[in-house]
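[1] Sequence first, predicted coordinates after that:
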Amino acid sequence: MLEIKQLNKTYGKNRALTDVDLHVPKGVIFGLLGPNGAGKSTLIRIINQIIDADSGEIRINGKKLAPDHISQIGYLPEERGLYKKMKVWDQMLYFAQLKGMSKAESKSRINTWLGKMDMLSWREKKVEDLSKGMAQKVQFISTILHEPALLILDEPFSGFDPVNAEIIKDEILELKERGTTVILSTHRMESVELLCDQVAMINKSRKILDGSIREVKSSYRPNIFHVTLEDLQAPLPSAWKAVEDGGLWHFSLALEGKTPNELLAELMQMGQVARFQEKIPSMEEIFIHQVKNRDYE
Amino acid sequence: MNKIWLVIQREYLSRVKKKSFLLATLLTPLIFPAIMGIFIWIAVEEKENQSLRIIEVVDENNLFFMESSDQYAFSFSDRNVEEAKELVQKGDRYGFLLIPKIDLKDPKGITYYGEENPNMNLISYLESSLRKKIEDQRLYDSGIDPQILSEIRTSVDVTAITLDEEGGERVSDATVNYAIGFLAGILIYMFIFIYGNQIMQGVIEEKSSRIVEILVSSLKPFQLMMGKIVGIAGVGLTQLLIWIVLIGTLTTVVTGFLGMQMPQQQALEMAQADMGEAVPNGELGEILAVIQGIDFVTLVGAFVFYFLGGYLLYGALFAGIGSAVDAPSDAQQFMLPVTIPLIVAYMGLFVFVLQDPNSTTSFWLSIVPLTSPIAMMGRISYGVPFWELLLSMGLLILGFLATTWLAGKIYRIGILMHGTKPSYKTLWKWIKTSN
C-alpha cells in the first residue's frame, strides 16, 4: 500500500529523517513509534504532502505520491483544530469538500456518521459550545468522511475519556475490517499492543526497528525465564534472589548460553517445577530499551 | 481551482452571516445622515427658540449704529462703563460693547464684556459690522459714496476647462476634484487597513487553532492564502456596495425631509450666513456642469481597480505577517514596514497630491505600487495622462504579484511553525528556501 524508500529531510542543520525505508501493507494497522522529536511528525507531513522531502521516494499502491492522492488520505493531526465559530455541520461539509467530495455525497455521509455516533442533535451547534470530547469526535468524523484508503492518526486517543477512546478504537478496527490501511503514531504502547499489526520505531531521524509485533518481540527476547519451584531438594543459590511465599519459591533466571530445555532439566533436579515461563518484553520495555541504548551510543 | 473556490465561499459566508457584519454594515451609513440630521435639527430648533440677546453699546464716539440681527439686539444709551457692567452683572444685558474714542485709521481698544465666554459667531459678527461701519465712514471722509462702491464691486469667477487630447473640453473645478480625490483616497486607505487586519486575524486564528495542519493536508498553502484574501475582498465589496446604496437613499430622504421642514427663507439665510456673501445663481449650475464634466466611467473604473489592487497588494503582506506569528500581539513588530508606506501614501495625498496633482512628488507617489492606490485616486479626478495611468496600473499588478509571491513563501512555512518568534532574518531565510 505505502512504500517509502530512502527518505531524507533536513531543516537547516537538523536532520529530521535519515534514509528512512518503510513498507506498510494494505489493510493493516501500522504503529509508528518514537520519542518526541524523533521525526514522526515530519514523516507524516511528508506523506500528507504538507512538506516535501529532500530526497527519497514515496509510492502509494505503486504510484508515485502526487496531489490526486490527497482524496485517498485521511489525516488526524496530533494538535487538533476546528473553527470555533462554525457549526458542526458546516465544518464537516467544508472539510469533506476540501477532500474532493461532492456536496450531495458529503451531506449524506455526514448524516450517516452523525447518526452512527449519536450526534445528530449537535448538527447546528457551534464548535465553541461543544465539550472537548465532543469536538474530538467531530474531528475524527471529519477525518474519515471521505473514506480514505490510507488513514493517518497522530495520537488519536489523546483528549478522549476512556468511554470515547473505546468508541474510537472500535471505529478504527472497523475501518481496518473494511480494508483501510491505518498508520497510528503514538507514544501509548498499550494501544500499540492492542491495535497494531505492525510497527516501526523511529529515533533521532532514523528507523531503528520494524516488523510485526510478534517479530519485534521475539527479536528482543531477553532470554529470561520466570520460575516457581516447590518441595526444594536443596537451598537455592543466594544470587538467584528467590522469594519465598508459602512454600513456593519465585525467581527469574537468564539462559546464559543454555537452551531452555537444559535449564529446565537443571531446575527439575532442584525441586518440583510449578512454573517455567519465558519473559516476554512489552512494547513499552522494547521502546524504552531501544531509545536508551541509542542515546548512549 | 475548485478548492480555492471552497475557501473563498467559507471566508465570505462565515463573515457575511455574522450578526456583527450586519450591524456594522447597516449602522455605519446611518451614522452620517443621523449626524447631519441632528445638526440641521439643532440649527432649526435654535433659530426657532432663541431668545433675543441684548447687547449694550457704549460708544464714546457717538458714531456707530449697530444693526440688530435675529440673535442680537443692540441697545444704545449714554450709560458709562460702570453702569453697563452693572447691567450685565444683573443679567439685564447679555453683554456690552465698549467703543472708546478711536482713530478711524487705526481703531484700537474696542472691547466686548460678557457674563459668559462669547462665541465665535458673535465676535465675528461684531467685527464685521464694525469694520463695515468704519470703512463706510472713511469712504465718506475721502469723498466716496459707499453706494457707488458696492455697485462697482464685481464678482469674478474663473471657469477651468480641461482640454483632452481629442480636443474635447470639460469644465473642472478644483473643489469638486479635491473632494472626490479625498473621499476615494480615504476609502481605499480605510479599506486596506480594516480588511487587511481581518486577513491577518483569520490567518492567525487558523494557525493558532491548528486547523491549518488539516487544511494544508487537503490543499496547497497558496490556495488557502489566496482563497482567504479573495473571500475577504468579497466581504469588503459587499459592504461597500450596501453602504453606497444605503447612504445614497438615506441622505436624500433625510435632507429632503428636513429641507421641507425648514422654511425656505431661513434655509437661504443660513446658507448666506455661512458663505458671508450671497451665492450667485450661476454657481449651482456650474457645480452641475463640473459634475457632468467628470469622466465617471474612468473614475469608477479606476476606483474599483485601485481599491482591489491596493487591497490585494497589502492583503498578501498582512497574510504573510499573520502566518509568521502565533498571536496578534506578536504581529506588531512586522506591521511597521506595512503601515509606513500606507501612512506615507495617506499623508502624501493631503500634503502633495491634492495640493498639486501634477508635481513630481505626486507623480511618483501615484506610480509606486505601495502608495499608488491611495495617491492616484487623489489625481484621477483632475485628469491623468493615459500613459501614467497605464504605467501605474501595470506596476500595481506587478507589485501585487510580487507581494503575493513573497507572502506565499513566508506563509507556507510560517503557518506550520509554532512557538518560535521569527525575526526578519528568519523570514528572509523562509523566502530563500526553495520548497
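    That came in fine, so what should we check first? Numbering: from 1, shown residues only, chains lettered A, B, ... in the order given.

[2] what about the longest strand anywhere in chain B, average pLDDT?
    If you go by DSSP state E, chain B has its longest strand at strand B:53-59. For strand B:53-59, the mean pLDDT works out to 83.

[3] Now for the closest residue to chain B within the stretch 1-150 of chain A, how many residues are close by?
    The nearest approach of the stretch 1-150 of chain A to chain B comes at residue A:81, 3.5 Å away (C-beta to the nearest C-beta). The way it works is simple: take the backbone N, C-alpha and C, and place the C-beta from them, glycine included. Counted with other C-beta atoms under 10 Å in any protein chain shown, the neighbours of residue A:81 add up to 20.

[4] Check the offset of stretch B:302-320 from the chain's centre.
    Averaging C-alpha positions (C-alpha atoms, centre = their mean, to the nearest Å) puts stretch B:302-320 20 Å from its chain's average.

[5] Check stretch A:7-24 too.
    Stretch A:7-24 sits 19 Å away from the centroid of its parent chain (C-alpha atoms, centre = their mean).

[6] One more: stretch B:422-435?
    With C-alpha atoms, centre = their mean, you get 40 Å for stretch B:422-435.

[7] what comes into contact with that stretch?
    A:51-52, B:324-325, B:334, B:406, B:409-410, B:413-414, B:420 (C-beta atoms under 8 Å, 6 or more residues apart in numbering or on different chains).

[8] Could you identify which of these has the most neighbours?
    Ranked by the number of neighbours (other C-beta under 10 Å), the contacts of stretch B:422-435 place residue B:324 first, at 29 neighbours.

[9] wait, the residue of the stretch 1-150 of chain A closest to chain B sits on residue B:217?
    No. If you go by C-beta atoms under 8 Å, residue A:81 and residue B:217 don't touch, sitting 11.9 Å apart.

[10] residue ranges with poor pLDDT in the chain?
    Just going to use chain A. Across chain A, the ranges flagged by pLDDT under 70 are A:294-297.

[11] my question was about chain B
    Looking at chain B by pLDDT under 70, you get B:1, B:47-50, B:160, B:162-173, B:254-255, B:258-294, B:434-435.

[12] Residue numbers of it in contact with chain A?
    Residues of chain B lying near chain A by C-beta under 8 Å from any C-beta of the partner chain: B:3, B:6, B:10, B:14, B:18, B:205-206, B:209-219, B:416, B:435.

[13] still on that earlier bit, need the contact list for the residue of the stretch 1-150 of chain A closest to chain B.
    Counted by C-beta under 8 Å, 6+ apart, residue A:81 has contacts B:206, B:209-214.

[14] For it, pull up the helix or strand it's in.
    Residue A:81 belongs to no helix or strand when assigned by DSSP states H and E.

[15] just residue B:416 next, same as before
    With DSSP H and E as criterion, residue B:416 is part of no helix or strand.

[16] residues contacting it?
    Contacts of residue B:416 by C-beta under 8 Å, 6+ apart are A:45, A:50-51, B:212-213, B:216.

[17] May I have the phi/psi pair for it?
    Backbone dihedrals for residue B:416, given as degrees, to the nearest 10, come out at phi -100, psi 0.

[18] how close does it get to residue A:91?
    21 Å (C-beta to C-beta, to the nearest Å).

[19] can you check residue A:248 too?
    Per C-beta to C-beta, residue A:248 is found 60 Å from residue A:91.

[20] Looking at these two, which one has more neighbours?
    Higher neighbour count among residue A:248 and residue A:91: residue A:91, with 23 against 15, using other C-beta under 10 Å.

[21] quick one: the more buried one and residue A:139 touch, right?
    No. Residue A:91 is not in contact with residue A:139 according to C-beta under 8 Å; the separation is 9.2 Å.

[22] Pull up the overlap in contacts between those two.
    Counting by C-beta under 8 Å, 6+ apart, the contacts common to residue A:91 and residue A:139 are residue A:82.

[23] what domains does the record give for the chain?
    This is for chain A. In the assignment given by automatic domain parsing, the structural domains of chain A cover A:2-218, A:222-279.

[24] um, chain B though
    Domain assignment of chain B by automatic domain parsing yields the ranges B:50-143, B:172-243+B:283-432.

[25] most tightly surrounded among the ones you listed?
    domain B:172-243+B:283-432 (a mean of 19; mean count of other C-beta atoms under 10 Å in any protein chain shown).

[26] where does the closest residue to residue A:98 other than its chain neighbours fall, helix, sheet strand or coil?
    The shortest distance from residue A:98 to any non-neighbouring residue, by C-beta to C-beta, 6 or more residues apart in numbering or on different chains, is to residue B:218 (4.1 Å). Recorded secondary structure, residue B:218: coil (DSSP: H, G, I helix; E, B strand; the rest coil).

[27] who's in contact with residue B:218?
    Per C-beta under 8 Å, 6+ apart, neighbours of residue B:218: A:70, A:95, A:98-99, B:3.

[28] Tell me if I'm right that residue A:198 and residue A:24 touch.
    Yes. Using C-beta under 8 Å, residue A:198 is in contact with residue A:24, at 7.3 Å.

[29] show me where the stretch 101-250 of chain A has strands.
    A:150-154, A:181-186, A:198-203, A:206-212, A:224-230, A:243-245, A:248-254 (DSSP state E, counting those that start in this stretch).

[30] so where does residue A:37 fall, helix or strand?
    Using DSSP H and E, residue A:37 falls outside every helix and strand.

[31] whoops, residue B:375 was the one
    Applying DSSP H and E, one finds residue B:375 within helix B:372-380.

[32] what's the answer for residue B:404, then?
    Per DSSP H and E: helix B:386-414 holds residue B:404.

[33] Just the residues contacting the helix or strand where residue B:333 lies, thanks.
    Residue B:333 belongs to helix B:332-348 when assigned by DSSP H and E. With C-beta under 8 Å, 6+ apart as the contact definition, helix B:332-348 has outside contacts at B:185-186, B:189, B:192-193, B:196, B:314, B:317-318, B:321, B:324-325, B:361-362, B:365, B:370-375, B:427.

[34] Among the contacts of residue B:416, which are located in helices?
    A:45, B:212-213, B:216 (DSSP state H).

[35] between those residues, which is nearest residue A:213?
    residue A:45 (25.9 Å; C-beta to C-beta).

[36] What values do phi and psi take at the nearest residue to that closest one once chain neighbours are set aside?
    The shortest distance from residue A:45 to any non-neighbouring residue, by C-beta to C-beta, 6+ apart, is to residue A:51 (4.9 Å). The phi and psi values for residue A:51, taken as degrees, to the nearest 10, are phi -130, psi 160.

[37] Next: residue A:63.
    The phi and psi values for residue A:63, taken as degrees, to the nearest 10, are phi -100, psi 140.

[38] what do you get for residue A:147?
    The phi/psi pair for residue A:147 (degrees, to the nearest 10) reads phi 50, psi 70.
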